[in-house]
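Colleague: coordinates for the following, if possible.
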Amino acid sequence: MKGKNHWNWKSGHIDKRGYKIIYVNSKPTREQRFVMEKYLKRALKKREIVHHINGNKIDNRIENLKVMSNSEHRKLHIILEKQSKIKNN
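Modeller: Now for the predicted structure:
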């Protein structure tokens with residue numbers, strides 16, 4: 001289940017890339033960034049990416065999130081894509 005039908009839905013909307021957008025001080029914010037900033041007790045840097053470990057872009061539980069650099073994140077997704085292609089062949 002996704003979006004408003006998901007058991008943990010609170011508010012906001014899903015953007016065109018599948019991420020949950022919430023409003024913080026009237027500013028649209030990706031929920032995973034907000035959750036991670038609260039957990040770290042600091043603002044994320046623009047170049048920091050919050051990766052969804054299980055691939056579910058609306059599963060913003062802290063145990064499913066990992067902060068990575070943009071280059072680390074790209075490398076990880078290249079590996080995951082290769083593994084997916086091998087698995088599907």
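Colleague: what are the ranges of the strands in this structure?
Modeller: All strands of the chain, identified by DSSP state E, fall at 13-14, 20-24, 27-30, 48-52, 65-69.
Colleague: please identify the deepest-packed of these.
Modeller: Among the strands of the chain, ranked by average contacts under mean count of other C-beta atoms under 10 Å, first place goes to strand 48-52 (a mean of 18). (Each C-beta comes from the backbone N, C-alpha and C, glycine too.)
Colleague: so what's the gap between the lowest-mean-pLDDT helix or strand in the chain and the chain middle?
Modeller: Least confident helix or strand, the chain: helix 70-88 with a mean of 82, by mean pLDDT, DSSP states H and E. Its chain's C-alpha centre lies 16 Å from the corresponding centre of helix 70-88 when counted by C-alpha atoms, centre = their mean, to the nearest Å.
Colleague: repeat that for stretch 72-89.
Modeller: 17 Å.
Colleague: what's the neighbour count on R17?
Modeller: 8 (other C-beta atoms under 10 Å).
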